[in-house]
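# okay, structure incoming, though there's no sequence with it:
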């Protein structure tokens, strides 16, 4: 299955607010790419949840959600990928209109040792969609572009090799959380 999977309500609005508060309390770093920083490609501020002890519950929840998405359920197909690790911390991103926050078309598989093992990408919408304009997560699993559901607490899951982007935020601030499930190379 290449098309993105939408999982509504993986976090409640209160839990989303808690994750945003935890990330906002710690020093956020300027987003970069695996080997470089280019504000033409990506402009955002990041916090890594592994650096925040009070955020342990988030990863516990996400592990179960990814396992379910990969396995599939009664009313949907799963991805069926060989997954064996969550080798990277979950990343909370702040895309603000003050910086025209965005992330141009890219895939999450890269040349780095961890990025090369990414199999599934999970993006959780933390912001209330009324809090910003722009900032649309678009996923391109084939020649068509699909907009991810922007409802607060919704997760969008897709293979890490699928092209996706976040359009520029024009008003307000969009917060999201991204994590990756890792496994052996695709064959």
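That came through fine. Remember, it's a predicted structure, so these values are computed and weren't measured experimentally. Residues are numbered from 1 along each chain as shown.

# kindly list the main-chain dihedrals of the nearest residue to residue 11 once chain neighbours are set aside?
Sequence neighbours aside, residue 153 is the residue nearest to residue 11 in space, at 4.3 Å (criterion: CB to CB, 6 or more residues apart in numbering). In short, each C-beta sits where N, CA and C put it, glycine included. Here is the backbone geometry of residue 153 (degrees, to the nearest 10): phi 90, psi 0.

# test my guess that residue 153 contacts residue 9.
Yes: contact status for residue 153 versus residue 9: in contact at 5.3 Å, counting by CB atoms under 8 Å.

# just how off-centre is the lowest-mean-pLDDT helix or strand in the chain within its chain?
For the chain, using mean pLDDT, DSSP states H and E, the weakest element among its helices and strands is strand 29-30, scoring a mean of 82. Computed by CA atoms, centre = their mean, to the nearest Å, the chain-centroid distance of strand 29-30 equals 16 Å.

# which strands or helices does it pack on?
If contacts are counted by 3 or more CB pairs under 8 Å, 6 or more residues apart in numbering; DSSP states H and E, strand 29-30 sits against strand 45-48.

# state the mean pLDDT of stretch 138-151.
Computed over stretch 138-151, the mean pLDDT rounds to 95.

# ends of that stretch, how far apart?
For stretch 138-151, the first-to-last residue distance is 14 Å (CA to CA, to the nearest Å).

# residues contacting that stretch, please?
2-4, 6, 8, 105, 123, 125, 129, 136-137, 154, 156, 158-159, 162-167 (CB atoms under 8 Å, 6 or more residues apart in numbering).

# quick check, residue 104 in contact with residue 165.
Yes: using CB under 8 Å, residue 104 is in contact with residue 165, at 5.5 Å.

# picking up where we left off before, give me the neighbour count for the residue nearest to residue 11.
18 (other CB atoms under 10 Å).

# any idea how far it is from residue 177?
Distance of residue 153 to residue 177, given as CB to CB, to the nearest Å: 10 Å.

# so what sits against both of the two?
Common neighbours of residue 153 and residue 177 (CB under 8 Å, 6+ apart) are 124, 126.

# so what's the residue count around the nearest residue to residue 26 once chain neighbours are set aside?
Distance criterion CB to CB, 6+ apart; nearest residue to residue 26, sequence neighbours excluded, is residue 47 at 5.3 Å. Neighbour count of residue 47, defined by other CB under 10 Å: 26.
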